[in-house]
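Colleague: got a predicted structure plus its sequence, pasted below:
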Amino acid sequence: MNESETKWRNLSTIREEAIVTGRVKTISEERQRYYYHRYIYVQELLIQTDSNPIRVKKITPLTKDCKIEPFQAGDDYIFYGQWNEGHFLCNRYMESGARNEIHKSKKEASH
């Protein structure tokens, strides 16, 4: 595996330095070219927190066995990740109402 493929596969692995909690207001999803024949799926969520709206991004490398996370507008979530250039990069999340079920990125689930 070369360096660009390693970077592409590791895009969904974000250090968990912070937590964002709130309700999903809007969802924007798109497929983007990352490098030649490698693509990523970017989900950008506008989250209404107790104080102000925050943009949360979930990036998934598009592989043959990837799983796109199904977010729903109006649902409450807890996101784990880090801040990057004015938005929050999400590594994993869980629904606020179902704290027992933690949703992990495909990379974490495969280990």
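Modeller: Done, it's in. Residues are numbered from 1 along each chain as shown.

Colleague: which other helices and strands contact the helix or strand encompassing residue 92?
Modeller: Here residue 92 sits within strand 87-95, counting by DSSP states H and E. Helices and strands touching strand 87-95, by 3 or more CB pairs under 8 Å, 6 or more residues apart in numbering; DSSP states H and E, are strand 18-35, strand 53-61, strand 76-84, strand 102-103. (Glycine included, C-beta is placed from N, CA and C.)

Colleague: switch to 7 Å and redo it
Modeller: Strand 87-95 sits against strand 53-61, strand 76-84, strand 102-103, with contacts defined as 3 or more CB pairs under 7 Å, 6 or more residues apart in numbering; DSSP states H and E.

Colleague: list the buried residues for that strand?
Modeller: 88, 89, 90, 91, 92, 93, 94, 95 (16 or more other CB atoms under 10 Å).

Colleague: determine the longest helix present in the protein.
Modeller: Assignment by DSSP state H gives helix 3-9 as the longest helix of the chain.
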